[in-house]
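# This is a predicted model, with the sequence first.
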Amino acid sequence: MSNLKNEYNEMQASDELRERVGKIMAEKRKRRISPIKAVLGAAACFAVATVAVFNLSPGLAAAASDIPVIGDIVRVITFGRYEYSEGYYEANIITPKVEGLGNRELEDSINAMLKADAEKIIERFETDIAEFRRENGDAEIHWGVDSDYEIRTDNESIIVLDVRFTTTAATSTTVHKFYNIDKKNGELITLPSLFRDGADYITPISEYISAEMARQNETGDRMYWSEGDGVDYFTEIDANQKFYINSDGNIVIGFEKYEVAPGAAGNPEFEIPAHIVEGIRK
């Protein structure tokens, strides 16, 4: 069951799709127009449209009634819902969709990734359930797969979409995927793009997180792995570490369950104070 959960957690849209997003962003930067023109252009192109529900599989039903409006132009809607419940097996896969970006090509690519992720999760769930039944009959093992989303930040400049995927089998594990979207310029924000060219942002952020982990270990607020525990412990963030921007404009670095601490710590997050990256952030 542990291996199966890892397989689900590692599923994501193809590298080809993600490369396409990168190319779109690069091209967008080459022909950047002024922020005022970008906003006016996006506003002129925006129109409210009827949402078509894509049938990912026979179990996918429309969920158009669940539509949280996120902003005057950019919004996230529930595009589709897959539900499965039989015996000890349950699945609830919600697919979000982004609408209203001024950069339509990027919008289509993001939505293609969201849809591809949902399709892969559903396909893998149905395949694994069928194989498990063939091998184990009606074994009483509760097995659940859930995927939904949450808006972490929504203001006039950015919207942050948090797509969460949870597997449950004796214990639960949740994986987060953050989409930080620049509303005004219609761009997907990456961690390196927040800093000046050539700036070392890895060192100050990593040093702050290490110090905060040590402080929480000392106070007993939460326990993180450290040198001497016999396991890999945190030393520094990746160049493209998982992150999102909160409502205060600060960077929040996220880790998966078991990545830097025992499972009881869940999915740790660290808000980086503005003064830590002062002088190097754009």
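Thanks, I have it.

# For the residue positioned nearest the centre of the chain, which residues are in contact?
Note on the chain: the residue nearest the mean C-alpha position is Lys177, at 1.6 Å, using CA atoms, centre = their mean. Residues in contact with Lys177 (CB atoms under 8 Å, 6 or more residues apart in numbering) are 12, 117, 162-165, 242. Bear in mind the C-beta positions are built from the backbone N, C-alpha and C, glycine included.

# Among those, the buried ones, what's the ChimeraX command?
Buried residues among these (16 or more other CB atoms under 10 Å), as a ChimeraX selection:
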select :12,117,162,163,165,242
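
# quick one on the thing from earlier: only the buried residues of the helix or strand hosting the residue nearest to the centre of the chain, if you could.
According to DSSP states H and E, Lys177 maps onto strand 171-182. For strand 171-182, a neighbour-count test (16+ other CB under 10 Å) marks 173-182 as buried.

# before we move on, what about stretch 256-275?
By 16+ other CB under 10 Å, the buried positions in stretch 256-275 come out as 257, 260-261, 265-268, 270, 272.

# Tell me the secondary structure at the residue nearest to Phe178 when sequence neighbours are not counted.
If the residues on either side of it in the chain are set aside, Phe178 comes closest to Tyr244, at 4.3 Å by CB to CB, 6 or more residues apart in numbering. Judged by DSSP: H, G, I helix; E, B strand; the rest coil, the three-state class of Tyr244 is strand.

# residues near Tyr244, how many?
21 (other CB atoms under 10 Å).

# try Glu278
Number of residues near Glu278 (other CB under 10 Å) recorded here: 9.

# I'd assumed it was in a strand, is it?
No. Assigned with three-state DSSP, Glu278 falls outside any strand and is coil.

# Got the phi and psi for it?
For Glu278, the backbone dihedrals (degrees, to the nearest 10) come out as phi -60, psi 130.

# From Arg164, how far off is it?
31 Å (CB to CB, to the nearest Å).

# what packs against the helix or strand harbouring Glu135?
Counting by DSSP H and E, the element that carries Glu135 is helix 104-136. On a contact count with 3 or more CB pairs under 8 Å, 6 or more residues apart in numbering; DSSP states H and E, helix 104-136 meets helix 2-10, helix 15-30, strand 75-86, strand 89-99, strand 143-154, strand 158-169, strand 171-182, strand 187-188.

# Adjacent strands (with direction) for the strand holding Lys177?
Looking at strand 171-182 with DSSP bridges, its partner strands are strand 158-169 (antiparallel), strand 187-188 (antiparallel).

# quick one: that strand to strand 89-99, angle?
Here the directions of strand 171-182 and strand 89-99 differ by 10 degrees (axes from the mean of the first three to the mean of the last three CA atoms, to 10 degrees).
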